[in-house]
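1. one predicted model, sequence on top.
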Amino acid sequence: MRERLVTAACVGLVMAFSATSGLGEEYLSGIKWAEPKVVDPGPPPSDAVVLFDGKDMSRWNGAEKWTVKDGYVTAGGGAITSKDVFGDCQVHVEWASPAKAKGSGQGRANSGVFLMGIYEVQVLDSFKNKTYFDGQCAAIYKQHPPLVNACRGPGKWQTYDIIWTAPRFKDGKLVSPAFVTVLQNGVVVQNHFQLEGDTPYHRPPAYKPHPSKGPIGLQYHGNPVRFRNIWVRELKEVKHERIDEPKIVKH
Ligand code: MG
């Protein structure tokens with residue numbers, strides 16, 4: 001009798017588990033996905049375009065006055081742009097402000113990473129250096145301050161990992177704005193921020209139609225900011241097609 005009771009209790013438990021977990025049933029989305037490509041994460045990841053590996057600036061335009069030494073490059077003379085162009089992408093940049101902090105506000109280690117050559121993620125030494133918040137380090141310049149100030153001190157290497165969704169234009173009109181997520185030193189400082197347009201100093205942001213791909217730009221703002229390990233990965237959706245309606249099948 002006792003054994004029968006135990007067995008009955010077990011059956012009951014299994015039935016309850018089946019009802020809540022859907023055991024024996026499977027949801028199928030009806031979408032056929034291509035297999036995701038294998039990528040060796042590196043760093044740099046095996047599918048990255050390495051724009052600067054510490055040796056030379058041959059993949060950049062305008063870098064004649066940028067000086068390469070000991071695996072890094074120091075800004076000088078003017079802004080530079082990558083010869084390669086990108087749309088949606090992941091960008092990794094390491095940078096360091098001068099070890100001896102000079103200047104204040106916007107004048108201390110000012111540079112910038114420009115997506116598509118147009119949209120600036122500010123580079124600045126904001127370690128105990130105040131300026132307007134939508135212009136401090138890791139701000140989307142003049143649009144949005146970083147969520148937090150994750151700056152390391154002067155002279156220390158810092159990382160930017162930027163996830164960029166390019167704006168879309170059709171027939172000369174904006175159909176989808178740009179979005180950006182930024183991690184500084186591994187800390188999320190911009191979370192899928194929707195850009196209002198470009199990032200100038202002197203007028204409100206605005207979108208002007210441009211090609212679907214553009215270069216990565218690095219700003220020269222009069223300060224000898226250093227850079228190393230710059231690479232970019234194009235981001236593409238996994239190929240897929242709908243081959244059936246969503247359904248639940250029984251096994
Ligand atoms: Mg700047």
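-> That came in fine, so what should we check first?

2. can you report phi and psi for the closest residue in space to Thr131 that isn't next to it in sequence?
-> Spatial nearest neighbour of Thr131, chain neighbours left out: Gly105 (4.2 Å); criterion: C-beta to C-beta, 6 or more residues apart in numbering. For the C-beta atoms, the positions are set from N, CA and C on the backbone; glycine is no exception. The phi/psi pair for Gly105 (degrees, to the nearest 10) reads phi 60, psi -130.

3. got the contact list for the one residue in the stretch 101-250 of the chain that gets nearest to the ion?
-> Per C-beta to the ion, Gly112 is where the stretch 101-250 of the chain lies closest to the ion, at 3.4 Å. For Gly112, the contacting residues are Glu120, Val121, Gln122, Val123, Tyr141, Gly217, Leu218, Gln219, His221, by C-beta atoms under 8 Å, 6 or more residues apart in numbering.

4. grab the nearest non-local neighbour of the last one.
-> So that's His221. Per C-beta to C-beta, 6+ apart, closest to His221 is Asn110, 3.7 Å.

5. quick check, pLDDT for Leu23.
-> For Leu23, the model assigns a pLDDT of 73.

6. now do the contacts for the residue nearest to His221.
-> Listed by C-beta under 8 Å, 6+ apart, the contact set of Asn110 reads Gln122, Val123, Leu124, Gln219, His221, Gly222, Asn223, Val225.

7. apply 7 Å and report the result again.
-> Residues in contact with Asn110 (C-beta atoms under 7 Å, 6 or more residues apart in numbering) are Leu124, His221, Asn223.

8. go on, Ile243?
-> Applying C-beta under 7 Å, 6+ apart, the residues near Ile243 are Gly30, Lys32.

9. format the CA atom coordinates belonging to stretch 216-228 as PDB.
-> Presented in PDB, the C-alpha positions along stretch 216-228 are these (Å, rounded to 0.1, in the frame of the first residue of the first chain):
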ATOM      1  CA  ILE A 216      36.800  55.300 -38.800                       C
ATOM      2  CA  GLY A 217      38.300  58.700 -37.900                       C
ATOM      3  CA  LEU A 218      40.700  59.700 -35.100                       C
ATOM      4  CA  GLN A 219      40.700  63.300 -34.100                       C
ATOM      5  CA  TYR A 220      43.800  65.500 -33.600                       C
ATOM      6  CA  HIS A 221      42.900  68.300 -31.200                       C
ATOM      7  CA  GLY A 222      46.300  69.600 -30.400                       C
ATOM      8  CA  ASN A 223      47.100  67.000 -27.800                       C
ATOM      9  CA  PRO A 224      49.600  64.100 -28.100                       C
ATOM     10  CA  VAL A 225      47.000  61.300 -27.400                       C
ATOM     11  CA  ARG A 226      48.400  57.800 -28.000                       C
ATOM     12  CA  PHE A 227      46.600  54.900 -29.700                       C
ATOM     13  CA  ARG A 228      47.200  51.100 -30.100                       C
END
